[in-house]
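Asks: How does the following fold in three dimensions:
(one chain, ligands or ions: 1)
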Amino acid sequence: MGLTFIAIKPDGVHRGLVGEIIARFEKRGLKLCALKVVVPEKAIAEKHYEEHAGKPFYPGLVDYLCSGPIVAMVWSGKDVVAVTRKMIGATKPAQSEPGTIRGDLALDMGRNVIHGSDSDDSAQREIKLWFKEEEVCSKYVKADRMWVYEVTDEHTH
Ligand SMILES: Nc1ncnc2c1ncn2[C@@H]1O[C@H](COP(=O)(O)OP(=O)(O)OP(=O)(O)O)[C@@H](O)[C@H]1O
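Replies: Predicted coordinates:
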């Protein structure tokens, strides 16, 4: 089953973009499996971005994530990692296509509004880092499933 971890970063929360971003994922047909508002603990933010540890921007990146509440979410759907990465757009907003979240809502790489897992392995690691198992409701069958998917099997939700 395809799951991904999405976080609306503190700038997205402070700028009032939460509803707009969630609406985009809902309208695409994805299924919301978990959601919470949380001010990240430094240790979790460091772990989340551990692949960047040692890079010059790492301390600022961790401070940015911890600077206010984030909206942490789990979404599921067909090809959910690839689909959400496309919807989010390139890391540098100047390179994000119009129509993407960053292409429409962000201007600065250090304030790029949203995070999305970049692979199934990262998604699994990040979901475990941010959520307890019982906080993720991935089993329910969404009522519009037969209108979102042509074939509804164990790979669609
Ligand atoms: N060279 C850089 N200088 C400053 N900040 C950077 C740089 N590269 C990445 N970042 C910051 O680190 C975050 C993580 O970088 P990554 O390469 O994982 O991009 P991403 O997967 O598009 O972003 P995210 O992980 O936040 O979804 C970026 O969102 C950006 O805020």
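Asks: for the ligand, what are the nearby residues on this structure?
Replies: 57, 61, 91, 109-110, 112, 115-116, 118 (Cβ under 6 Å from any ligand atom). (C-beta placed from N, C-alpha, C; glycine too.)
Asks: Show me what counts as buried in the helix or strand of the chain with the lowest mean pLDDT.
Replies: In the chain, the helix or strand scored least confidently by mean pLDDT, DSSP states H and E is helix 145-148, which has a mean of 94. Residues residue 148 are the ones in helix 145-148 that count as buried (16 or more other Cβ atoms under 10 Å).
Asks: Stretch 85-92 now?
Replies: 85, 87-89.
Asks: so how far is the helix or strand containing residue 115 from its chain's centroid?
Replies: Residue 115 belongs to strand 114-116 when assigned by DSSP states H and E. On the basis of Cα atoms, centre = their mean, to the nearest Å, strand 114-116 sits 4 Å off its chain's mean C-alpha point.
Asks: Could you tell me the model confidence score at residue 155?
Replies: Here, the pLDDT recorded for residue 155 equals 59.
Asks: Among the residues of the chain next to the ligand, which ones are in helices?
Replies: Among the residues of the chain next to the ligand, the members falling in helices are residue 61 (criterion: DSSP state H).
Asks: And the helices in the protein?
Replies: 10-14, 18-28, 42-48, 58-66, 80-88, 101-105, 120-130, 145-148.
Asks: Residue 2 is nearest to which of those helices?
Replies: Of all the helices of the chain, helix 80-88 sits nearest to residue 2, with 4.2 Å by Cβ to Cβ.
Asks: Contacts for stretch 79-94 next, please.
Replies: Surrounding stretch 79-94, the residues in contact under the criterion Cβ atoms under 8 Å, 6 or more residues apart in numbering are 2-4, 6, 24-25, 28, 30, 75, 77, 95-97, 100-103, 106-109, 112, 114, 116-120, 123.
Asks: got a list of what residue 111 touches?
Replies: 9, 11, 64.
Asks: Most neighbours out of the residues you listed, which is it?
Replies: residue 9 (23 neighbours; other Cβ atoms under 10 Å).
Asks: Can you check the pLDDT for it?
Replies: 98.
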